[in-house]
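# just need the structure, nothing else, for what follows:
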Amino acid sequence: MGTQAKWVGPESPARLTVDAVENRALALREYLVVYRASVGPRRGRRQRLRELRYDIARLQAWAWYLRATERRPAWWRLLHLLGGWFGAGRQERPGRRHQRRAGIQRLSAFSVVDRAYAAQIEDFQGRLLTLGLSHPPLSEERQRCRRLLEDNVERLRQERDRLTGEAGRVAVVCWLLGRLVRVRGWLGLNKGAARAMDP
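Numbering: from 1, shown residues only. Down below sits the predicted model:
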């Protein structure tokens, strides 16, 4: 699950969050392939596969929404408005929520996205740790790389804090666009789906 989108800095907060979500979706897709091919107890396997696909679709949906943030096309403005209306006042905490009808526990949309941001922060911190193990003095290039990584960690932390106040909007966006992503997947149209609604 080490594959990631190519990173070059410095990055804007929007680009950082898109990369974080896409990297997480890619990691989950790779895990899905491995899990599906693994040999083990079949009990709960189908449900686990369903949950992974569901989480991947929600991450793709949020990446789709984030990528359009700067241009703000008509569909984005409508979705943003709906997210504000129907998601207002919704409070979320990272973790799982229980679905009574299904009798299962599933991550909320907020938790799925929050974990993506957290994973990217941990990746940057790991790179910083690796740089810190280098014998001083650091070259100018390595010092520049360290500053960029530190800036990216701080930006992502700020975005993660801001996400908490957007929990309701995250839920609405992932619910609506996530269903569209899954329908496209059934039709075999998800290749490049994140750009499908670009004007």
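# where are the low-confidence patches of this structure?
Across the chain, the ranges flagged by pLDDT under 70 are 1-11, 39-41, 89-105, 135, 188-199.
# which residues sit in contact with the closest residue in space to Leu131 that isn't next to it in sequence?
Once flanking residues are discounted, Leu131 sits nearest to Arg146: 5.2 Å by Cβ to Cβ, 6 or more residues apart in numbering. The way it works is simple: take the backbone N, C-alpha and C, and place the C-beta from them, glycine included. Applying Cβ atoms under 8 Å, 6 or more residues apart in numbering, we find Arg146 in contact with 128, 131, 138.
# let me know the closest of those to Leu28.
Nearest to Leu28 among these, counting by Cβ to Cβ, is Leu128 at 24.6 Å.
# hang on, that closest one packs against Leu149?
Yes. Between Leu128 and Leu149 there is a contact under Cβ atoms under 8 Å: 5.1 Å.
# between the two, which is the more surrounded one?
Leu149 (21 against 15; other Cβ atoms under 10 Å).
# and the more buried one, what is it in contact with?
If you count contacts by Cβ under 8 Å, 6+ apart, Leu149 has them with 9, 124, 127-128, 131.
# okay if I get the contacts of Arg146 as JSON lines plus secondary structure and distance to Arg46?
Shown next, in JSON lines, are these (DSSP: H, G, I helix; E, B strand; the rest coil; distance: Cβ to Cβ, whole Å):
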{"residue": "Leu128", "secondary structure": "helix", "distance to Arg46": "40"}
{"residue": "Leu131", "secondary structure": "helix", "distance to Arg46": "43"}
{"residue": "Leu138", "secondary structure": "coil", "distance to Arg46": "50"}
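# which among those gets closest to Gly185?
For these, the nearest to Gly185 is Leu128 (36.2 Å; Cβ to Cβ).
# and for this structure, the residue most distant from the center?
Here the centre of the chain is the reference, and by Cα atoms, centre = their mean the most remote residue is Pro137, at 36.0 Å.
# measure it to Ser38 for me?
47 Å (Cβ to Cβ, to the nearest Å).
# same check, this time on Leu78
To Ser38, Leu78 is 42 Å away according to Cβ to Cβ.
# compare those two (neighbour count), which wins?
Neighbour totals were compared for Leu78 and Ser38, and Leu78 leads with 11 against 8 (other Cβ under 10 Å).
# please identify which helix or strand holds that one.
Per DSSP states H and E: Leu78 is located in helix 74-86.
# summarise which helices and strands that helix is packed against.
When contacts are defined as 3 or more Cβ pairs under 8 Å, 6 or more residues apart in numbering; DSSP states H and E, helix 74-86 packs onto helix 167-186.
# centroid residue for this structure?
Most central in the chain under Cα atoms, centre = their mean is Val21, positioned 2.4 Å from the mean C-alpha point.
# since that was my last question, I'll sign off now.
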